[in-house]
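K.L.:
everything below, folded, please.
(3 chains)
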Amino acid sequence: MSPEENTIKLTRKDFAASQDVRWCPGCGNNAILAQVQKTLPELGIPRENIVIISGIGCSSRFPYYMNTYGIHSIHGRAPTLAMGLKCARPELQVWVMTGDGDSLAIGGNHFTHALRRNVDINIVLFNNRIYGLTKGQYSPTSEIGAKTSSSPDGSIENPVNPIGVAIGSEASFIARTVDVFQKHMSEVLRRSAEHSGAALVEIAQNCIIFNDATWAHITDPDNRLEHVLYLEHGKPMRFGKQGEKGIRLNGLRPEVVKVEDVGEENLLIHDEQASEPTLAYLLSRMGPPEFPTPVGVFRAIKKPVYSQLLMEQVRSAQAAKTADLDALFRQGETWDVPGSPDGDNQ
Amino acid sequence: MKCPSCGYENLPGADDCENCGNSLTRDDVPQAGTEVERSLMEDPVECLNPIRPLTVELSTSLTETIQLMRNHHIGCVLVTAADGSLAGILTERDLLQKVAGHGLDLDQCVVQDFMTEVPETVRADHPLGYAMQRMVVYDLRYLPLVNESGKPTGIASSRDIIEYMARKFSAVSEL
Amino acid sequence: MASGPMTASANTKEALEQVTILFSGDSGDGMQLTGSQLTTTSAALGNDVSTLPDYPSEIRAPAGSVAGVSGFQLHFSAQEIHTPGDNPDVLVAMNPAALKTNLPRLLPNGILIIDQDAFSERNLAKAGYEENPLDDPELGSRYQLHPVPVTTLTLNALNDLDLKRTVKTRCKNFFTLGLVYWLYERPLEQSLEWIDKKFSRVPLVAEANRLALQAGFNYGDTSDAFAVQWTVPGARNTPGTYRIINGNEASALGFVTAAQLADKPLVYSSYPITPATDVLNHLSRWKHMDVRTIQTEDEIAAMGAAIGAAYGGAFSVTGTSGPGICLKSEAIGLAIMLELPLVILNVQRGGPSTGLPTKTEQADLLQAMFGRHGESPLPVLAAASPGDCFETAIEAFRIAVRHSTPVFIMSEGYLANGSEPWRIPSLKDMQPITVRHLDDPNGFQPYSRDPATLARPWVIPGTTGMEHCIGGLEKHPPTGAVSYAPEDHEEMCRLRAEKVARVADFIPELEVNGPQHASLLVLTWGGTCGAALTAVQRAREQGLSVSHAHLRHLNPFPRNLGELLARYEKVLIPELNSGQLSLLIRAKYLLDTISLPKLRGQPFTVVEIETRINELLQ
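P.N.:
Model (predicted):
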């Protein structure tokens, strides 16, 4: 297709690479790839300005399957490359495709700092609660007691949840979606792309081979409405087959109530833009058996963006002082050794 | 910090002034403002002239220990092991909490069972401020002094520090 | 003490070729300032200078303690010099701890200037002296001992000034400076001007410093204790404008210059580590040159960020020391696979592990060569002197860009903190660095090769129609598609190795200082250059058959190295490690080199190398 200066109308085909997709049939990544390929064209960004960086893991095969600029880097370190790239080229749109092991085990350090610094990147975390590529060891998000190849007697480790870690890292955009919620995923990805600052999207993803049905309680279409709380900014929190249940705050603790018992006006109203992440944190703790699993945008606030702040400093410095290399050389005391003029006075 | 020589505003912790090159390493450490502060920061514990401690062995009876404490008008004894190293300390407070009112046969009790084992200690060259801090943090009135081999050489008490400071106070005209 | 008018001295004047003077005192005594002032003044007079600062081992050690001793060694000369001097001829010790630490290094019959006011009982105890060394008659007979009541004299000189006593005492260092100026016939003007400029905010303090400087000078002049003055005439230097520079600042300036020569932004990613931190500090103040510094959360992130920035098309560099290189190794491997141009600076320090952070060493060479899993070659350069760090930085970027590869620069603590005069270069004499970002999609393949260099194209995101994915997995040449095929791996390994080997076609042949054939060749790399050059010069003056060659390029070696080495009967390699270059030369050229290792956290002295040369040529 010919590069056009003005309106760029891209389609899904523009983002499909020629490489054969090598995920297992039934892998949640296939659905995610489909949605990303569908969503990117709608963002109105020239394809050449999009860069996808991944680490290591099944999720990290992503860049090969997208027809954009991409780097398949090393385990856990994708956010660091993304950061360097944004500092060199703040105008590019950078995505980090990562997994639960890549971003919370080996990459935990870089994950928290990228969010803390509010580097304008989109981190998409494929959480399948297992190490798929290396054939099935438990991960930092696996449930305690999980029986896996490296924990045949059951994992003795407490998991973390990515949303909680992101809140602790002061992330300015935090969302969760599910690999089979196609429309929802598309909408969440679009919002994360539009967000200025570091965005985390956790995608509950199914690994059909090594950890099948880990998210079944929310993906099973028959029971989905009972187990999923769709978050919408400004709306009361309701779920259930007829939306008959809701969430209410009792002191500092949320509780599940019947809407008709308490009245909709007493339900918790979702606020993405709250300046404190307290509500987001409470939501991040919600899950089975007592609570539905919240999906959607937990938090979306405006905070100064790292590369913008950096470039502001660069620009003010440039405005205050001309870029004179010779003057830089001559900092401090200099002296002259006289002799035949060699024209070194710039 | 502001360079005391040339007035230039340096970043915190800079070793040398960015403007005039003068060393800042002595100026950014906390300085003693008054003689009392200086004394606390610099004078060693041995300035207190700590007394030679009263010592008993591990197997000494409480009766004997208490009698010794009474005879010498001392609020604590140090308990030494066979090799002379410090094993524990017994104070008036221990007697109040662990002995008094428990209906014990003091002849049959040995000091080893009532002492505080492996107590906090200081060296003779530690600054007074350090000894004070130990006393506050660990809620102690008595601090045994030990030498390099762990043998007790003295006792410093909170009273000693108070007396020393009181002399300093009266010596300093600004107060 | 009278600070009367300068009388015509009844002193004798003697000429000297060179002087090595060591200022040492408590870290609060301003020895770095005194040393740098003497350096600048001497350089301005035309002496060649070389310095070696010795920083205290602890951050805020108690005043007067041995851990708090700070030193500054300056070597100035009427001739060209290459080292900060072996052992000092003059030791200025401002307190007992400084004397204790440095007296063993003072040459016999050396001049020993002591601030006797600082030799109180308390200070003696802190230094671990049971008795006052000044009372020992041995001291006076072994050295030319000059106890000077520096504090008293300084306070006297400033008697009329309305300043607190603590402020006046701080002027001691200027008193000492003034005395040393008199001893070596240095004029006061430059320092007086400097004082006026730097202390303009506090005119009273400026006055105090001026008076102290003058008082020290006058003391030398009028005191009977100092009967001799020495002159060290100026060396001849190439005409131009000069300044003093240390290795870290030179590296930083080199990086900025390289980026300017390519009209690119510079991105410097780093994590603070001794002795490389200064490079980050310098660069973070030069934003007006479009320098973007990133202080990352750790060393690995710094290398990752450097890769990302290079991928984006910036001139990208990361600086660290040995422990940081360990952490970066996996990511360096990725950079080698991605074949992106970037620079990695290792300011070496004593190792292994935390080692000796403030001491110098050259023991990371084999790590630079082989410290990654798999076959992972890359070009390795080393700087020879503080000023040379500038050239090496630019050279590294040229190679990185031309050959699409990460490039290692080996610097060391000794060069990073040591300083020497540096002739300010003229920008218009420097070759621009041509950067070509391929933007023609026709027939584009990410791993196609330039026929001469085997470099792959540097295509940056934002270029229309060239979207592609690169990664750390092995590839099929030239498409870059992931491939585990045996023939592809073999070919890619060969290409990566050959690409680095061909750098030799683009770098100059190695030159020799001295005869083209001789009984002995001294071969050096890194900071050992100066001491070896001087040792070889002296040996040749004695009539010995010896030459010196210095390697800037350690991988690949210059293409004539093998043939050059064969022209000498013996090859001696002094290095601050257990024989790493020696190992490389032996392996590549099947040559029985003679290694001269040194692992003492200190640079080579000229005498050490000279002695070995003499032994070998018996």
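K.L.:
neighbours around residue 336, how many?
P.N.:
With no chain named, the answer covers chain A. Neighbouring residues of A:D336 were enumerated by other C-beta atoms under 10 Å in any protein chain shown; the total is 13. Heads up, the C-betas are built off the backbone N, CA and C, glycines and all.
K.L.:
meant chain C, my bad for not saying
P.N.:
With other C-beta under 10 Å as criterion, C:I336 counts 20.
K.L.:
please apply the same query to C:P508.
P.N.:
Neighbour count for C:P508, taken as other C-beta under 10 Å: 10.
K.L.:
was I right about it contacting C:P558?
P.N.:
Yes. C:P508 is in contact with C:P558 according to C-beta atoms under 8 Å; the separation is 7.0 Å.
K.L.:
output the longest helix along chain B as CSV, restricted to C-alpha atoms.
P.N.:
For chain B, the longest helix by residue count, based on DSSP state H, is helix B:158-171. The C-alpha trace of helix B:158-171 is given here as CSV (Å, rounded to 0.1, in the frame of the first residue of the first chain):
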residue,chain,number,x,y,z
SER,B,158,22.7,7.0,83.6
ARG,B,159,23.5,8.8,86.8
ASP,B,160,27.1,9.2,85.8
ILE,B,161,26.1,10.8,82.6
ILE,B,162,23.7,13.1,84.3
GLU,B,163,26.4,14.2,86.8
TYR,B,164,28.9,14.7,84.0
MET,B,165,26.4,16.8,82.0
ALA,B,166,25.5,18.8,85.0
ARG,B,167,29.1,19.8,85.4
LYS,B,168,29.2,20.8,81.8
PHE,B,169,26.1,22.8,82.1
SER,B,170,27.4,24.8,85.0
ALA,B,171,30.7,25.3,83.2
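K.L.:
and the residue nearest to C:P96 when sequence neighbours are not counted, what does it touch?
P.N.:
Spatial nearest neighbour of C:P96, chain neighbours left out: C:A127 (3.8 Å); criterion: C-beta to C-beta, 6 or more residues apart in numbering or on different chains. Going by C-beta atoms under 8 Å, 6 or more residues apart in numbering or on different chains, C:A127 touches C:G64, C:S65, C:V66, C:N95, C:P96, C:A97, C:L99, C:K100.
K.L.:
6 Å - rerun?
P.N.:
Contacts for C:A127 were tallied using C-beta atoms under 6 Å, 6 or more residues apart in numbering or on different chains; they are C:P96, C:A97, C:K100.
K.L.:
redo these as JSON lines? Include secondary structure and neighbour count.
P.N.:
As requested, those are exported to JSON lines (DSSP: H, G, I helix; E, B strand; the rest coil; neighbours: other C-beta atoms under 10 Å in any protein chain shown):
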{"residue": "C:P96", "secondary structure": "helix", "neighbour count": "29"}
{"residue": "C:A97", "secondary structure": "helix", "neighbour count": "28"}
{"residue": "C:K100", "secondary structure": "helix", "neighbour count": "18"}
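K.L.:
out of those residues, who's nearest chain B?
P.N.:
C:A97 (13.8 Å; C-beta to the nearest C-beta).
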